[in-house]
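Peer 1: got a structure for you, letters missing:
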DNA sequence: GAGTGGTCTAGACCACTGA
DNA sequence: CAGTGGTCTAGACCACTCA
């Protein structure tokens, strides 16, 4: 009467997959209460240790949070910025009340051009939302953002006015995501970037391109350009290496 | 007779800490066979599930590898490059036999200057090894490396001749490490960098600074400069965010 | 107080694989 | 074939915390 052996996935892995798909599909949004271990034991007809193993793994991966007495809940995704911490070298007064302002420069809904399609990894002709904006901190340009949103994946974005809402924050709250890739490079500021960020042409800039997927559906692609040597990215690692592939 | 409750760490966490410290201290080098679950059960006087939880966690974190019948072994650290994958945009013929050459430009043992001390986070006056070198790929400069090694932590480095051996590889094989921090920024190539990498002055370069610790002992600090837009860094993430602090 | 997760036990069967 | 890890069970006590 031990280990019925579905000849497939281990039971704890199957349970984990079920819960994960409910979360990543959006059926269980952030904050949703996950059935208690007791309930899952009943549903899956297995021992509590088995359910516990699945839930512990989900908690370790950060997809859910667990509290005694209260229960387990779908976690709210961490902010994009914290994934790869971005620090402003100059204004280290960041902990304090740094005045922040978001400026939308351009907004357009269009059928994906060849360039858009390549960036977002969708088929040309798919409806996309293109947003250009500047982030200001302490009155000075902090970063230039150029973003594409896949309207097939995030239809609500079409009606959304991003004049005051940074699309990154909005997307994070609105959409679950399962995978992101960062591509980091150094570029010399061209005329347009120099003007936007109020820096000299040719200044070395850090360009971070981030692609976000929900399973295999591209959600958004964003290109963030940080002026010169005033910024850097920090990443902490332990021996295993946490990069995925 | 359940859960003797050491009133301290959970037992599985205590076991994990013990094993981890044996590995990170170097007492158990890469490849060392870890006692079997059965043996650990005897040593710690607990149930097999408990030691299994500790070992599974170590395996998940990548510190050990486990094989049926064979046993569990201390893992060989992954290469530094794979931690944050560095790709050469131009020479995507990397999979093939890319001719690689290492060129040591300068080598010096000295008492840490104030600058050294700040970079390595050791006290000024500590013996350090300073190495400057160029990595060539396909006959062209690929990256400039400027490294400090803490001789208090890695005494063997003093006698080592790095004319042909990249110190990064040597250190990886020689020393365990428990923590690394990457700092990534963009800089304009100054005259010296331009000369070393054979690029134009002012070209935007990606600068990666990596600090590596063994517990709280600084091991090495390295500054790698990649020429211009020919390189980028890739990082993959899942929602939890894998950066540490 | 009662429900929830945190941890633990003392077994068990199985699959894999090196000797 | 025997040792090892992989998985699972059916209980248990405890700590925490919300109502």
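Peer 2: Yep, that arrived. Note that the structure is a prediction, hence the values are computed from the model and not measured.
Peer 1: tell me the SS of the one residue in chain A that gets nearest to DNA strand C?
Peer 2: In chain A, the residue that lies nearest DNA strand C is residue A:69 (2.8 Å; C-beta to the nearest atom of the strand). C-beta coordinates here come from the backbone N, C-alpha and C atoms, glycine included. Using DSSP: H, G, I helix; E, B strand; the rest coil, the structure places residue A:69 in coil.
Peer 1: so in terms of bridging, what pairs with residue A:204?
Peer 2: Beta-bridge partners recorded for residue A:204 (DSSP bridges): residue A:188.
Peer 1: before we move on, what about residue A:71?
Peer 2: residue A:67.
Peer 1: number of residues surrounding it?
Peer 2: Other residues near residue A:71 number 15, with proximity taken as other C-beta atoms under 10 Å in any protein chain shown.
Peer 1: how about it, what does it touch?
Peer 2: By C-beta atoms under 8 Å, 6 or more residues apart in numbering or on different chains, the contact set of residue A:71 is A:33-34, A:36.
Peer 1: among those residues, which ones are in strands?
Peer 2: Among the contacts of residue A:71, the members falling in strands (DSSP state E) are A:33-34.
Peer 1: among the contacts of residue A:71, which ones are buried?
Peer 2: Buried members of the contacts of residue A:71, scored by 16 or more other C-beta atoms under 10 Å in any protein chain shown, are residue A:34.
Peer 1: mind putting the contacts of residue A:71 in a markdown table, distance to residue A:10 included?
Peer 2: Putting those into a markdown table (distance: C-beta to C-beta, whole Å) gives the following:
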| residue | distance to residue A:10 |
| --- | --- |
| A:33 | 25 |
| A:34 | 20 |
| A:36 | 22 |
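Peer 1: the contacts of residue A:71 also near DNA strand C: which ones?
Peer 2: A:34, A:36 (C-beta under 7 Å from any atom of the strand).
Peer 1: tell me the one of the contacts of residue A:71 nearest residue B:233?
Peer 2: residue A:34 (35.6 Å; C-beta to C-beta).
Peer 1: got the contact list for the closest one?
Peer 2: A:19, A:28, A:55, A:64, A:71-74.
Peer 1: how is chain A divided into domains?
Peer 2: Residue ranges for the domains of chain A, per automatic domain parsing: A:11-74, A:80-234.
Peer 1: hey, least reliable of these by pLDDT?
Peer 2: Mean pLDDT values for those show the minimum at domain A:80-234, a mean of 85.
Peer 1: show me how far that one is from its chain's centre.
Peer 2: 11 Å (C-alpha atoms, centre = their mean, to the nearest Å).
Peer 1: could you find the closest non-adjacent residue to residue A:149?
Peer 2: Take residue A:149 and drop its neighbours on the chain: the residue closest to it by C-beta to C-beta, 6 or more residues apart in numbering or on different chains is residue A:129, 4.2 Å away.
Peer 1: helix or strand: which one has that neighbour?
Peer 2: strand A:127-137 (DSSP states H and E).
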